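A.B. asks: show me the folded form of this:
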Amino acid sequence: KNTVGIDISHWLAEVTDENGNIIPGVNGIDFNAVKQSGVQFIYSKAIGDYTIDDYFLSTAIEAKKVGIPIGGFHYLNIGDYIKEPESLAQAFIEVLEGTFGKGQYGDLIPVIDIEDPATENELLSYETTNNKLNAADILTFIMRYKNYFEATTGVPLMIYTAEWWVEGDASITFRGFQDF
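C.D. replies: Numbers count the residues shown, from 1 in each chain. The predicted structure follows:
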């Protein structure tokens, strides 16, 4: 049997039926129906770079009300913030603690979501035109963010990314991430 989970962010703020009617519920989501459908956990976007997702708190509250474990993720655009991993990690920590309580980071392992630049071609173009983003910089950023987050919270951090970031030929390799 598979474990079923969903990802929620402000992009799902208004859910409509086939006739275009807004479905009632928090952010258009009926969390009782979500649970009854077999969903066993929810990851919700907590923050994108430094911007808090408008629906993270309400999603966390409603998921907990119906007994669905909830975790947060931090969507990052590394290229725009390559020199700020500790500051970004601290912002994520503050959002999680503001939602779940001091020293609490959710029911699930917190996640950093690294997908920008969004495609391999964008990354290659970005490296060439801006000359400030390369594989070594990205890996250094990820490790600094991860190390800061884990040292500050005592909680492990999970990395989510696109397959091509791991297996692509843009010299983005995760050989140094044997533990992941």
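A.B. asks: could you point out which element follows the worst-scoring helix or strand of the chain on mean pLDDT?
C.D. replies: Ranking every helix and strand in the chain by mean pLDDT, DSSP states H and E puts helix 120-130 at the bottom, with a mean of 51. Downstream of helix 120-130, the next assigned helix or strand under DSSP states H and E is helix 135-153.
A.B. asks: list the strands paired with the helix or strand just after that next one, with their directions.
C.D. replies: With elements assigned by DSSP H and E, the helix or strand that comes after helix 135-153 is strand 158-161. If you go by DSSP bridges, strand 158-161 pairs up with strand 111-116 (parallel).
A.B. asks: tell me the buried residues in the partner strand?
C.D. replies: 111-114, 116 (16 or more other CB atoms under 10 Å). Using the backbone N, CA and C atoms, a C-beta is placed for each residue, glycine as well.
A.B. asks: of all the residues you listed, which two lie farthest apart?
C.D. replies: Val111 and Asp116 (15.0 Å; CB to CB).
A.B. asks: pLDDT weak spots in this protein?
C.D. replies: Low-confidence segments of the chain, defined by pLDDT under 70, span residues 10-28, 116-135, 162-180.
A.B. asks: Lys102 in helix, strand or coil?
C.D. replies: Going by DSSP: H, G, I helix; E, B strand; the rest coil, the secondary structure assigned to Lys102 is coil.
A.B. asks: what number of residues lie near it?
C.D. replies: Applying other CB atoms under 10 Å, we find 6 residues neighbouring Lys102.
A.B. asks: just Ala46 next, same as before
C.D. replies: A count of neighbours around Ala46, defined by other CB under 10 Å, yields 29.
A.B. asks: please renumber so the chain begins at 26
C.D. replies: Taking 26 as the first residue, the last one we looked at is Ala71.
A.B. asks: ok, it to Ile54 distance?
C.D. replies: Using CB to CB, to the nearest Å, one gets 16 Å for the distance from Ala71 to Ile54.
A.B. asks: what does Phe66 give?
C.D. replies: From Phe66 to Ile54 the distance is 15 Å (CB to CB).
A.B. asks: okay, those two: which has more neighbours?
C.D. replies: Neighbour count, other CB under 10 Å: between Phe66 and Ile54, Ile54 has more, with 23 against 15.
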